[in-house]
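Undergrad: heads up, no residue letters with this:
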C-alpha cells in the first residue's frame, strides 16, 4: 500500500511521505535492534509482537508504519491529492 501510494504521489508531483519520515528519524515509539550487519529489527515499544526486519543500514523511514493504523496511513497517502484522483480511488 505504501509503495502504490508513494508512486501515485510522485506521479501527481506531491512530495513522498517517506521524505518527511526520513527527516524525522526513528519514531520515539519504535525500538531498533541490530540483528546482524546491515540488518535491523524495528519493533513497537508498547507491543513487541508488531515488528519487521529490514536488510539495510541505518534508520529506515518505514519504521513509522509500525505506529500507524490502515486508516491513518491511507489518510497520509491521499493528503493533497486532487478530488479528480480521490474520486477514482
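TA: Happy to help now that I have it. Keep in mind that this is a model prediction, so the values were computed, not measured.
Undergrad: can you pull out the strands in the protein?
TA: Listed in chain order, the strands found in the chain under DSSP state E are 30-36, 39-44, 47-54.
Undergrad: Return the list of strands paired to the first one, each annotated with direction.
TA: What that stands for is strand 30-36. strand 39-44 (antiparallel) (DSSP bridges).
Undergrad: Pull out the buried residues from the partner strand.
TA: Within strand 39-44, the residues that count as buried by 16 or more other CB atoms under 10 Å are 40, 42, 43, 44. C-beta coordinates here come from the backbone N, C-alpha and C atoms, glycine included.
Undergrad: Now do the same contact list for the third one.
TA: Spelled out, that is residue 43. Residues in contact with residue 43 (CB atoms under 8 Å, 6 or more residues apart in numbering) are 30, 31, 33, 50, 51, 66.
Undergrad: got it, and the second one?
TA: With contacts taken as CB under 8 Å, 6+ apart, residue 42 has the following neighbours: 30, 31, 32, 33, 51, 52, 53, 54, 60, 62, 63, 66.
Undergrad: could those go into TSV alongside distance to residue 86?
TA: Shown next, in TSV, are the contacts of residue 42 (distance: CB to CB, whole Å):
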residue	distance to residue 86
30	30
31	35
32	35
33	38
51	32
52	29
53	34
54	31
60	29
62	24
63	28
66	26
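Undergrad: For residue 18, which non-adjacent residue is spatially closest?
TA: Of all residues not flanking residue 18 in the chain, residue 61 sits nearest, at 4.5 Å (CB to CB, 6 or more residues apart in numbering).
Undergrad: separation between the one you found and residue 85?
TA: Residue 61 sits at a distance of 23 Å from residue 85 (criterion: CB to CB, to the nearest Å).
Undergrad: Neighbour-wise, which one of the contacts of residue 42 leads?
TA: When neighbours are counted by other CB atoms under 10 Å, residue 63 leads the contacts of residue 42 with 23 neighbours.
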